[in-house]
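Student: Everything below, folded, please.
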Amino acid sequence: MSKGKLILIIAIALIIGLMFYIGPEKYLDIAFIKSKLDQLIAYQEAHPLLSILIFSAIYIAVTAASIPGALVLTLCCGAIFGFIAGTFIALVSATIGATLAFLVARYLFDDWVQAKMGERVAKIRENFRAEGALYLFSMRLVPVIPFFAINLLMGLTSIKTTAYFFASLLGMAPGSMVFVNAGTQLAKIDSLKGLLSPGLIASFVLLAVFPYAAKFLLGKFRRP
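Tutor: Numbers count the residues shown, from 1 in each chain. Got it, this is the predicted structure:
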């Protein structure tokens, strides 16, 4: 077994252990977070650096393990850390977690992902060959395919890890800003349904179309 695979296995074991210890499903709930919001903000004010490290570790573990709850954590970033710091924490943590899941799919579970998602794998590979990192960037802007599925499926393409990281970082930036900003008003939010308004969805669709439109216009401009 290579050193890289051993490190990944150890990281996965640590994440799984952390998940069992924390039991995130009972905490990643809007009502629960709102009930503890004053305490969380007080702790952040008393221990600013430690609170960032703890929150980031939880966010990375949740996203790397493909546990539903990243949206709630993104809202929490806005509520606890404010818009600027919250956006940075959410975006970097989500990207690191997604990259870990991507590496696991590429180096450890490639046969399993291929067996479970054969048709999607073929489609992803075809689109990636045609569009490259731009395809991943667009999927991150509007996640028509579930977040965890993108991480797993892209692990079976030829995309480089650095390209995957930065395409994900840039692609998730607009959504992170939108939801972190919503999180600054967390005390007024009763459920996640109100966040998925037609206007918000339409905005994300336009964001997804933009890179393709820009590529088309650049191609026209470069032609003699």
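Student: Tell me who's in contact with residue 151.
Tutor: Neighbouring residues of residue 151 by CB atoms under 8 Å, 6 or more residues apart in numbering: 66, 98, 101-102, 105. To be clear about C-beta, it is placed using only N, CA and C from the backbone, and glycine gets the same treatment.
Student: So which of these are in strands?
Tutor: Using DSSP state E, no member of the contacts of residue 151 falls in strands.
Student: Among those, name the buried ones.
Tutor: The neighbour-count test (16 or more other CB atoms under 10 Å) marks 66, 98, 101-102, 105 as buried among the contacts of residue 151.
Student: circling back: in helices, which of the contacts of residue 151 fall?
Tutor: Secondary structure from DSSP state H places 98, 101-102, 105 of the contacts of residue 151 in helices.
Student: picking that back up, and the least confident of the buried ones among the contacts of residue 151?
Tutor: pLDDT is lowest at residue 66 among those; the value there is 77.
Student: any idea how far that one is from residue 152?
Tutor: Separation of residue 66 from residue 152 (CB to CB, to the nearest Å): 8 Å.
Student: shared neighbours of those two, anything?
Tutor: Overlap of the contact sets of residue 66 and residue 152 (by CB under 8 Å, 6+ apart) consists of residue 101.
Student: Now for residue 39, how many residues are close by?
Tutor: Neighbourhood size, residue 39 [other CB atoms under 10 Å]: 9.
Student: follow-up on the earlier one: what is the nearest of the contacts of residue 151 to residue 48?
Tutor: The shortest approach to residue 48 among those belongs to residue 98, at 25.7 Å (CB to CB).
Student: Pretty sure the closest one sits against residue 152.
Tutor: No: in this structure, residue 98 is not within contact of residue 152 by CB atoms under 8 Å, at 10.2 Å.
Student: which residues of this structure fall in helices?
Tutor: Under DSSP H, the chain gives helices at 3-22, 30-46, 48-64, 70-81, 83-107, 110-116, 118-131, 133-141, 147-154, 161-183, 198-222.
Student: for the residue nearest to residue 82 when sequence neighbours are not counted, what are its contacts?
Tutor: Leaving aside its chain neighbours, residue 82 sits nearest to residue 184 (6.8 Å; criterion: CB to CB, 6 or more residues apart in numbering). Neighbour list for residue 184: 78-79, 82-83, 86 [criterion: CB under 8 Å, 6+ apart].
Student: Among those residues, the buried ones, what's the ChimeraX command?
Tutor: Those of the contacts of residue 184 that count as buried under 16+ other CB under 10 Å are selected in ChimeraX with:
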select :78,79,86
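Student: Please identify which of the contacts of residue 184 is nearest to residue 59.
Tutor: Within the contacts of residue 184, the smallest distance to residue 59 is 11.0 Å, found for residue 86 (CB to CB).
Student: Find the nearest non-adjacent residue to the closest one, please.
Tutor: Using CB to CB, 6+ apart, the nearest residue to residue 86 is residue 77, at 3.6 Å.
Student: re earlier: now tabulate the contacts of residue 184 in TSV and tack on pLDDT and distance to residue 169.
Tutor: Output for the contacts of residue 184, formatted as TSV (pLDDT from 0 to 100; distance: CB to CB, whole Å):
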residue	pLDDT	distance to residue 169
78	91	18
79	90	22
82	92	20
83	91	18
86	95	16
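Student: Next, format the contacts of residue 184 as a markdown table and append distance to residue 141.
Tutor: Output for the contacts of residue 184, formatted as a markdown table (distance: CB to CB, whole Å):
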| residue | distance to residue 141 |
| --- | --- |
| 78 | 19 |
| 79 | 24 |
| 82 | 24 |
| 83 | 20 |
| 86 | 20 |
